[in-house]
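>>> please work out how this folds:
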Amino acid sequence: MHWDDVRVFLAVARRGSMRAAGRALGLSQPTVARRLAAFEATFGGSSLFDRLPEGLRLNTAGAQLIAEAESVEDAALTLERRRAAASPALTGTVRISAGECAAGFLARCLSASSGATLPSGITLELIDERQEKNLVRREADMAMRHEPPESGDFYVSKAGTFACSVYRRRGAEAAGWITYTEEQSHYEPARWVQRQVEETGKPIALRASSMLMHLEAIRAGTGRGVLPCYVGDGHPLLERLRPPIPEIAADYWIIVHRDLRRSASVRAAIDWVKAVFSEQRAVLAGKPTRRRPGQ
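Prediction:
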């Protein structure tokens, strides 16, 4: 039995299809099918899944193997994390799971005009946090989140806070509001905008699911909306309509599995993230400054 076969079995069980498991593991669907067949062969060749129109579902025989397979996974992933932690090399890819606001800021700070620099052998891979990358299974090496985890063996450090305010295209009336979709109405900026709609009677001009869509709509003069100050203040076509709004400021925390924190490349990435948050704290707070990352 090979660990890769166990890994495929668990991915199919969790994702409900070979295609989804392949996307999660970075494997082709034929490779997933071949490894799953090899895993099933070690148990007499009987299928461990029921093939249904909506996908694959564990049958009784498969469900009985989950706990033991996860134990194998835990042991293998612990060894992998500790192997990575033992390497002194400042090389390789460090994957950071973050939302588009934090990811955009980090991407901007990689430019040569920013003061802090990563070692040349390290490549950052920024992953949208909506993919829910798992730090324990090392689907990401580091996460940037609004809240620290309540449990787990993690190193946690507060990186900083993003101030937010209301912006419109310079000189535009922008009577309506740009906000998030109804499915995202629990977001703090969306809740704040909804209160403004109710208090002022100004309509919602557009609902959109990402900050980039909001930025483009505001830039085009479609309406006014909430943006991080580091985005809005640095845009030549936008003007800020009020001071930063304290109740929708976004805190960000660095979260790393404690095993991986000992990795030289991951430590270097942590130090770099802390450095850019510290160097750009005035920009993030929406304070006047002559220097902005990427400009």
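>>> residues in contact with residue 142?
94-97, 135, 254-256, 260, 266, 269-270, 273 (C-beta atoms under 8 Å, 6 or more residues apart in numbering). All C-beta atoms are positioned from the backbone trio N, CA, C, and that covers glycine.
>>> which ones among these map onto strands?
The members of the contacts of residue 142 that map onto strands under DSSP state E are 94, 95, 96, 97, 254, 255, 256.
>>> buried ones among the contacts of residue 142?
94-97, 135, 254-256, 260, 266, 269-270, 273 (16 or more other C-beta atoms under 10 Å).
>>> with respect to residue 42, which of these is nearest?
Minimum distance to residue 42 across the buried ones among the contacts of residue 142 is 29.7 Å, recorded for residue 135 (C-beta to C-beta).
>>> and that closest one, how far from residue 149?
9 Å (C-beta to C-beta, to the nearest Å).
>>> now do the shared contacts for these two.
Contacts common to residue 135 and residue 149, judged by C-beta under 8 Å, 6+ apart, are residue 255.
>>> quick check: the two most widely separated of the buried ones among the contacts of residue 142?
Across the buried ones among the contacts of residue 142 (C-beta to C-beta), the longest gap, 15.0 Å, separates 135 and 273.
>>> do a quick rundown of the strands in this protein.
49-52, 55-58, 92-98, 122-128, 142-145, 154-162, 164-169, 177-179, 204-207, 224-228, 238-240, 250-257.
>>> so what secondary structure elements neighbour the last one?
Packed against strand 250-257 by the contact rule (3 or more C-beta pairs under 8 Å, 6 or more residues apart in numbering; DSSP states H and E) you find strand 142-145, strand 154-162, helix 264-279.
>>> go again using 10 Å as the cut-off
helix 66-86, strand 92-98, helix 100-109, strand 142-145, strand 154-162, helix 264-279 (3 or more C-beta pairs under 10 Å, 6 or more residues apart in numbering; DSSP states H and E).
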